[in-house]
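> can you look at this prediction? I've put the sequence above it.
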Amino acid sequence: MNILTIYQKGASLVFALIVLFTYPLNAQNQLEDAIRQLSADNVSGYMQPFLNGFSGNMNSGFSGSAKIDDKFTIRIDAIGMATMIGSSEEVYNAVPPSPFAQQPVRTATVFGDQGAVVQGPEGLSYKFQNGQLDMDYFPLVAPQLTIGNFYNTQLIFRFFTYSGDSDVPDIDMIGLGLRHGLNQYFGELPVDIAAGVFFQSFKIGDIINTNFFSVNGMASKEFSLLTLYGGLQFEYSNMNLNYTLSSSSGDQESEVDLSFSSDNYIRAMAGLNLNLGVVHIRTDFNLGKVSVLSASIGFGI
């Protein structure tokens, strides 16, 4: 059984969880329908908390140790991440379409409740889109393959693709990363240190495309089976929404092609890793613009 086959089997075990966590984007695909009702002026505010939570998750869980020596390593991990959703992520200021007054209105984001209703001339009313993801935390699961250590360097690979089930939107995820051990350059140190760089792309359905980039530095200390670790990370994430704006008034439809970035740029992380030979269990907490709890179970050497 080659490495690709092992990875595919591991990814298939994670798929059930991916389907579970993306199930709100179901056959009716209510999230995409809601996005298509929003103008370019409003859709970024509606989706900004989604991007913040999504990037918080995707830029988490790369490793639980900074020790990267020249010993051969191969491991498959199932990584779970969850971003905390607070009340500030549930509302934003939006501007209703003409002929309604062009003044900001407080209404629901994708994580909010009911959209606001505004009154216009001659008894007209306009209702903003409701929230679509009613959750206190935004979960995600991803499969990860780690191969190393060549010249004190590890390759990290995340990949998943799914298409064909009408009950679940198409999913395309790919990620590549490199981690390099730095102790060899400094002689004896009380801790292990490493640096890493990562790029990921994730597409959901027909209109949502996201890219994630991160660079981090990490330190860890082994105590028998337990490793304590922490670090700092710089990251940048971008979302592109490309869709045809639906018009309830029957006016000519227009194309929206909009890109915007996450509010997450710097985070600190701290966690612990339990090494049980071929089984590795890890958890950490990440603090930045959003708070993320990450945990994983891995199998390998």
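Alright, I've got the coordinates.
> what residues sit buried inside the top strand by length along the chain?
Longest strand in the chain by number of residues (criterion: DSSP state E): strand 226-245. Buried residues in strand 226-245, counted by 16 or more other CB atoms under 10 Å: 227-231, 233, 235, 237, 239, 241, 243, 245. C-beta here means a position set from N, CA and C on the backbone, and glycine is covered the same way.
> on the three-state scheme, S98 is what?
In three-state terms, and counting by DSSP: H, G, I helix; E, B strand; the rest coil, S98 is coil.
> show me the contacts for it.
Counting by CB atoms under 8 Å, 6 or more residues apart in numbering, S98 touches no other residue.
> sec struct for the residue of the chain positioned farthest from its centre, please.
Distance from the centre of the chain peaks at E122, with 44.5 Å (CA atoms, centre = their mean). Put simply, E122 is helix when judged by three-state DSSP.
> tell me how far it lies from V105.
According to CB to CB, to the nearest Å, E122 stands 19 Å off from V105.
> again with I76
To V105, I76 is 48 Å away according to CB to CB.
> again with P99
15 Å.
> cool, and A94?
With CB to CB as the criterion, A94 and V105 are 6 Å apart.
> what about the two, which has more around it?
More neighbours surround A94 than the other of A94 and V105, with 23 against 18 (other CB atoms under 10 Å).
> skip the chain neighbours and tell me the closest residue to the more buried one.
N42 (4.4 Å; CB to CB, 6 or more residues apart in numbering).
> give me the element that neighbour is part of.
Assigned by DSSP states H and E, N42 belongs to helix 40-58.
> so for that helix, what gets flagged as buried?
Within helix 40-58, the residues scored as buried using 16+ other CB under 10 Å are 42-58.
> which of the three states applies to the closest residue in space to D77 that isn't next to it in sequence?
Nearest non-adjacent residue to D77, counting by CB to CB, 6+ apart: G298, 3.7 Å away. What three-state DSSP gives for G298 is strand.
> might one say that G298 is in contact with R75?
Yes. Here G298 reaches R75: they are 4.8 Å apart, a contact under CB atoms under 8 Å.
> any residues in contact with both of these two?
Contact criterion CB under 8 Å, 6+ apart; residues bridging G298 and R75 by contacting each: 146, 280.
> low-confidence bits of the stretch 51-200 of the chain, can you list those?
Along the stretch 51-200 of the chain, the parts satisfying pLDDT under 70 run over 164-169.
> how about 80 then?
Low-confidence segments of the stretch 51-200 of the chain, defined by pLDDT under 80: 121-123, 162-170.
> ignoring the adjacent residues along the chain, who's closest to T283?
The shortest distance from T283 to any residue other than its chain neighbours is 4.2 Å, reached at A295 (CB to CB, 6+ apart).
> and the helix or strand where the one you found lies, what's its mean pLDDT?
Per DSSP H and E, A295 falls inside strand 291-300. Mean pLDDT, computed over strand 291-300, is 94.
> give me the angle between it and helix 40-58.
40 degrees (axes from the mean of the first three to the mean of the last three CA atoms, to 10 degrees).
> so what's the gap between strand 291-300 and the chain middle?
Here strand 291-300 is found 14 Å from its chain centre; the criterion is CA atoms, centre = their mean, to the nearest Å.
> only C-alpha atoms, please: export it in CSV.
Extracted as CSV, the C-alpha positions of strand 291-300 are listed here (Å, rounded to 0.1, in the frame of the first residue of the first chain):
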residue,chain,number,x,y,z
SER,A,291,-10.1,32.6,19.1
VAL,A,292,-9.6,29.0,17.8
LEU,A,293,-9.5,25.7,19.6
SER,A,294,-7.7,23.0,17.6
ALA,A,295,-7.2,19.3,18.2
SER,A,296,-6.0,16.3,16.3
ILE,A,297,-5.3,12.6,16.4
GLY,A,298,-2.6,11.2,14.2
PHE,A,299,-1.1,7.9,13.3
GLY,A,300,2.5,7.4,12.2
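> no further queries at this time; thank you.
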